[in-house]
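Engineer: Sequence below, structure please.
(chains A and B)
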There are 2 protein chains.
Amino acid sequence: MKIIVVGATGTIGKFVVSALQDQHEVIAVGNRGGKFQVDITDSQSIRALFDKTGRFDALIATVGKVHFGDFAKLTEKEVEIGIRSKLMGQVNLVLIGRDHMNDGGSFTLTTGVLAQDPIRSGACASLANGALESFAIAAAIELPRGLRINVVSPGLLDESLASYGPFFPGHETVPGKRVAKAYVKSALGHQTGQIYRVL
Amino acid sequence: MKIIVVGATGTIGKFVVSALQDQHEVIAVGNRGGKFQVDITDSQSIRALFDKTGRFDALIATVGKVHFGDFAKLTEKEVEIGIRSKLMGQVNLVLIGRDHMNDGGSFTLTTGVLAQDPIRSGACASLANGALESFAIAAAIELPRGLRINVVSPGLLDESLASYGPFFPGHETVPGKRVAKAYVKSALGHQTGQIYRVL
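Structural biologist: Sure thing, here's the model as predicted:
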């Protein structure tokens, strides 16, 4: 199976690539690293990416920025960062990528625990995550040619604890290796419209 | 209590105004109708609105457009309609309105059943609804001065059945009068971070 991983050089992406690369043709895509580069906030850049990759069987997106900061000072511009990157970046990977995907292929998007379990400073992440989850379950009932779409919503990773732990008081963490299994299930399983919460 | 209803002239807004106007000072705001007008896609227009209304105790938003149409043909531009209107319109009512709200005041936003129960052609509505629900539960834990925020997520209204019924096969409908009660509960009750699903 030819599987594109957008965000392959990130914390989650690396685990996903490891879990898949022995048995599949994995195309690693990064912002600066990877075999190909893409700026997911720019739909022209996404179009150019698929021209380079050619047709594929699965696309996994482990990518997207959001602003973290006090809600008291939150501005429209800061909300827009996550809307342009994590939200519309992943939506556009679907809207543009579907025409390059082989019959029966699958999209797997990434959200996170903040969709239902908010933390301080995390409203923009919650917003993007909630949007993507509802988008995916809706897209799933309309995608043609047996195309599928699922979401993986991980909790805070063990491997992110040092950097982000202070923002997630009391949150249990999950090993990246366990999170990667949900992406494998989404890409190789036959389910669609699922939100795999790895908590 | 001084309550601003943005979307007061719409199907839901009319029921909300009816439920509140006998016992409260209701400021009806519409796109073209109402006492004051606002274009929620324009943050300058939202700022101008609050300069006219003065300080208030509750803001209820029953407003926002989204594109409905086949997912197979859905474009980035069509997704943006709902992001600019239903999603960021309501988010900006909160981000801008909070500084004009009296201590202990409340925001009530509107989503809808499509956040969890999608229909064909409804992916943009699902996206906006899911985003607003996760945004609200996150905002609730950070709002200062006892400010509160809740969401009302109605099913298809009895009163909308003639116009939208064909898009919602098998959906049970709810009377507008019942939906209005959830807005009253949000504005006059003391809960925050709640999603009131009226199905």
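
Engineer: Break down chain A into its helices, ranges please.
Structural biologist: In chain A, the segments counted as helices under DSSP state H are A:11-20, A:43-53, A:76-82, A:88-97, A:123-140, A:161-164, A:176-188.

Engineer: how about those helices, which one is nearest chain B?
Structural biologist: Smallest distance to chain B across these (Cβ to the nearest Cβ): 2.7 Å, for helix A:123-140. Every residue, glycine included, has its C-beta placed from N, CA and C.

Engineer: list the buried ones in the closest one?
Structural biologist: By neighbour count on 16 or more other Cβ atoms under 10 Å in any protein chain shown, the buried set for helix A:123-140 is A:123-140.

Engineer: Who are the packing partners of it?
Structural biologist: Helix A:123-140 sits against helix A:76-82, helix A:88-97, strand A:101-110, strand A:148-154, strand A:195-198, helix B:123-140, with contacts defined as 3 or more Cβ pairs under 8 Å, 6 or more residues apart in numbering or on different chains; DSSP states H and E.

Engineer: again, only using 6 Å
Structural biologist: helix A:76-82, strand A:148-154, helix B:123-140 (3 or more Cβ pairs under 6 Å, 6 or more residues apart in numbering or on different chains; DSSP states H and E).

Engineer: Give me the angle between it and strand A:148-154.
Structural biologist: If you take axes from the mean of the first three to the mean of the last three Cα atoms, to 10 degrees, helix A:123-140 sits at 150 degrees to strand A:148-154.

Engineer: so helix A:123-140 versus strand A:101-110, what angle?
Structural biologist: Calculated by the same axes, to 10 degrees, helix A:123-140 forms an angle of 150 degrees with strand A:101-110.

Engineer: Just send the helices of chain A back as JSON lines, with mean pLDDT and distance to B:Leu156 too.
Structural biologist: As requested, those are exported to JSON lines (pLDDT from 0 to 100; distance: least, Cβ to Cβ, whole Å):
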{"stretch": "helix A:11-20", "mean pLDDT": "98", "distance to B:Leu156": "38"}
{"stretch": "helix A:43-53", "mean pLDDT": "98", "distance to B:Leu156": "33"}
{"stretch": "helix A:76-82", "mean pLDDT": "98", "distance to B:Leu156": "29"}
{"stretch": "helix A:88-97", "mean pLDDT": "98", "distance to B:Leu156": "25"}
{"stretch": "helix A:123-140", "mean pLDDT": "98", "distance to B:Leu156": "16"}
{"stretch": "helix A:161-164", "mean pLDDT": "94", "distance to B:Leu156": "40"}
{"stretch": "helix A:176-188", "mean pLDDT": "98", "distance to B:Leu156": "31"}
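
Engineer: what's in contact with stretch A:144-154?
Structural biologist: With contacts defined as Cβ atoms under 6 Å, 6 or more residues apart in numbering or on different chains, stretch A:144-154 is touched by A:103-112, A:133, A:136, A:139-140, A:179, A:182-183, A:186, A:192, A:194-198, B:72.

Engineer: re the thing from before, most tightly packed of the helices of chain A?
Structural biologist: helix A:123-140 (a mean of 29; mean count of other Cβ atoms under 10 Å in any protein chain shown).

Engineer: neighbouring contacts of that helix?
Structural biologist: A:66-67, A:71, A:79, A:82, A:86-87, A:90, A:109, A:111-112, A:114-115, A:118, A:149, A:151, A:192-193, A:195, B:71, B:115, B:118, B:122-123, B:126-127, B:129-131, B:133-135, B:138-139.

Engineer: Up against chain B, what does chain A have?
Structural biologist: Residues of chain A that fall close to chain B, judged by Cβ under 6 Å from any Cβ of the partner chain: A:43, A:71-72, A:76, A:92, A:115, A:118, A:120, A:122-123, A:126-127, A:129-131, A:133-135, A:137-139, A:141-142, A:144.

Engineer: Leaving out sequence neighbours, find the closest residue to A:Ala123.
Structural biologist: B:Ala138 (4.0 Å; Cβ to Cβ, 6 or more residues apart in numbering or on different chains).

Engineer: And A:Ser45, by the same measure?
Structural biologist: Among residues not flanking A:Ser45 along the chain, A:Asp39 sits closest, at 4.2 Å (Cβ to Cβ, 6+ apart).

Engineer: Give me the phi and psi angles of that neighbour.
Structural biologist: Per-residue torsions, A:Asp39: phi -110, psi 100 (degrees, to the nearest 10).

Engineer: cool, and A:Leu147?
Structural biologist: For A:Leu147, the backbone dihedrals (degrees, to the nearest 10) come out as phi -70, psi 140.

Engineer: pLDDT wise, what is the residue nearest to A:Ala72 when sequence neighbours are not counted at?
Structural biologist: Spatial nearest neighbour of A:Ala72, chain neighbours left out: B:Pro144 (5.7 Å); criterion: Cβ to Cβ, 6+ apart. For B:Pro144, the pLDDT comes out at 97.

Engineer: Tell me how many other residues surround B:Pro144.
Structural biologist: 10 (other Cβ atoms under 10 Å in any protein chain shown).

Engineer: just to revisit the earlier point, tell me the pLDDT of the residue nearest to A:Ser45.
Structural biologist: 98.

Engineer: hang on, the earlier thing: want to try CSV for the helices and strands packed on helix A:123-140, with distance to A:Leu20 as columns?
Structural biologist: Output for the helices and strands packed on helix A:123-140, formatted as CSV (distance: least, Cβ to Cβ, whole Å):
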stretch, distance to A:Leu20
helix A:76-82, 27
strand A:148-154, 13
helix B:123-140, 28
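
Engineer: Show the average pLDDT along stretch A:166-173.
Structural biologist: Here the average pLDDT along stretch A:166-173 is 97.

Engineer: now swap in stretch A:102-120 and tell me
Structural biologist: Stretch A:102-120 comes out at a mean pLDDT of 98.

Engineer: could I get that stretch in PDB with only the CA atoms?
Structural biologist: Extracted in PDB, the C-alpha atoms of stretch A:102-120 (Å, rounded to 0.1, in the frame of the first residue of the first chain):
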ATOM      1  CA  ASN A 102      -7.100   5.200  -5.300                       C
ATOM      2  CA  ASP A 103     -10.500   3.500  -4.900                       C
ATOM      3  CA  GLY A 104     -11.100   2.300  -1.300                       C
ATOM      4  CA  GLY A 105      -8.300   4.600   0.100                       C
ATOM      5  CA  SER A 106      -8.500   6.300   3.400                       C
ATOM      6  CA  PHE A 107      -7.800   9.600   5.100                       C
ATOM      7  CA  THR A 108      -6.700   9.700   8.700                       C
ATOM      8  CA  LEU A 109      -6.800  13.100  10.400                       C
ATOM      9  CA  THR A 110      -5.400  14.100  13.800                       C
ATOM     10  CA  THR A 111      -7.300  15.900  16.500                       C
ATOM     11  CA  GLY A 112      -6.600  15.400  20.300                       C
ATOM     12  CA  VAL A 113      -8.100  15.100  23.700                       C
ATOM     13  CA  LEU A 114      -8.800  18.800  24.000                       C
ATOM     14  CA  ALA A 115     -11.800  18.400  21.800                       C
ATOM     15  CA  GLN A 116     -13.700  17.100  24.900                       C
ATOM     16  CA  ASP A 117     -11.300  17.700  27.800                       C
ATOM     17  CA  PRO A 118     -10.200  21.300  27.700                       C
ATOM     18  CA  ILE A 119      -7.100  22.800  29.300                       C
ATOM     19  CA  ARG A 120      -6.300  26.500  30.100                       C
END
